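**Q** Got a sequence here, can you model it:
(one chain, ligands or ions: 2)
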Amino acid sequence: MTELLTANEGGIARAADLLRRGGTVAFPTETVYGLGADATNARAVAGIYAAKERPSFNPLISHLPDLAAAQAHGRFDADATALAEAFWPGPLTLVVPKAAGSAICDLVSAGLDTVALRVPAHPLAHDLLRRVGRPVAAPSANRSGRISPTQADHVLADLIGRIDALIDGGSTQVGLESTIVACIDGHVRLLRPGGVPREAIEGVLGRRLAAPPAAASETEASVLAPGMLASHYAPRAKVRLDARTIEAGEAVLLFGPGRPRGLDAAAAVLNLSRHGDPVEAAAHLFAHLHALDASGAATIAVVPIPDKGLGEAINDRLRRAAAPR
Ligand code: TXA
Ligand code: MG
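**A** Ligands and ions are numbered 1, 2, ... in the order given. Sure, this is the predicted structure:
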């Protein structure tokens, strides 16, 4: 049974209570919906893996209400502190060495001696985390390998009956998962492009970051940035990138004002942003992929999208959606 909770004080209190008692609760963040469990309770965390059918080598992000709470679980060097101060609360996850006193269980870090920490900006998530008073482990609230949920009904379609509760907080604002940056041994590495553009992070650090490695194989991905499997975010339809001409019957994902040749024969058409704004496009990405997939077309054709700002994260997700599987 999955309880559907309203985004009010009663609903949040009920969600916090379920989490403290070891339940699994899906809740909105500003990026995507997360499927939460008490990060200090291995049995609770196992419930996330079970609901998602997620490969267990994949470590999880722990969510906290503020930087002070995060510092009880991770060791922040000067770069990590500067990034946390600049972007928290917000769509940035920091991977740092686990603090000696942290009660985050080994299942969350999948045996690594580092932890991934994030302070989300969504007021509802913040309220919930404050009430729980413990780190909440939460991957995106979808079955493993499926498109990330940006609306409560996406979560229900994938997980109803498999989780204890869902708080409906409407559509998420950013629409892309958090940017993941590792600050370990004095090195800063971008592990996953996401809601904070690389340029903004480089601006705070005062230096350039290397691009994240394209996940080649499952083994390689699990070592570099576990969870960055090549074929993540997969719709049922095949995804065709850099489409400049549309084939009859394809579903089409547009970006900007242009109309590719053959568009009139498309089965369904959605535009990420008519003005070519990557922030607006990010917010629509997963919802549009869900909708085009639901059209039943065998292929989703995607026009070229420039790599600037959030375009880097959008193209990363689209490449994973298009990867052979
Ligand atoms: O926006 C987000 O980040 C959302 C919301 C719910 O907060 N969460 C999310 O979680 O996208 P998930 O589980 O789908 O992605 C977590 C990523 C994975 O790629 C995982 O491998 C990586 O974080 N990760 C977690 N702990 C790590 C660690 N210690 N070292 C390296 N990567 C880690
Ligand atoms: Mg995910």
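**Q** Any idea which helix or strand in the protein has the lowest mean pLDDT?
**A** Across the helices and strands of the chain, mean pLDDT, DSSP states H and E gives its lowest value to helix 218-224, namely a mean of 43.
**Q** count of neighbours near residue 139?
**A** 23 (other C-beta atoms under 10 Å). To be clear about C-beta, it is placed using only N, CA and C from the backbone, and glycine gets the same treatment.
**Q** could you give the mean pLDDT of the helix or strand residue 270 falls within?
**A** Secondary-structure element containing residue 270, defined by DSSP states H and E: strand 268-271. Averaging pLDDT along strand 268-271 gives 98.
**Q** Now the element after it, going C-ward?
**A** Where DSSP H and E defines the elements, the next helix or strand beyond strand 268-271 is helix 278-294.
**Q** which residues does residue 280 contact?
**A** 272, 273 (C-beta atoms under 8 Å, 6 or more residues apart in numbering).
**Q** Could you list the residues in contact with stretch 9-27?
**A** 3, 5, 33-38, 41, 43-44, 47-48, 51, 124-125, 127-128, 131-134, 136, 138, 141, 149, 152, 155, 159, 163-167, 169.
**Q** what is the mean pLDDT for that stretch?
**A** Rounded mean pLDDT across stretch 9-27 is 98.
**Q** how close does the residue in the stretch 51-200 of the chain positioned nearest to ligand 1 get to residue 210?
**A** Distances between the stretch 51-200 of the chain and ligand 1 by C-beta to the nearest ligand atom are smallest at residue 139, namely 2.8 Å. Computed as C-beta to C-beta, to the nearest Å, the residue 139 to residue 210 distance reads 25 Å.
**Q** Next, report how far the strand holding residue 270 is displaced from the centre of its chain.
**A** The chain centre lies 23 Å from the centre of strand 268-271; the measure is C-alpha atoms, centre = their mean, to the nearest Å.
**Q** Was I right to think residue 73 contacts residue 105?
**A** No - if you go by C-beta atoms under 8 Å, residue 73 and residue 105 don't touch, sitting 11.3 Å apart.
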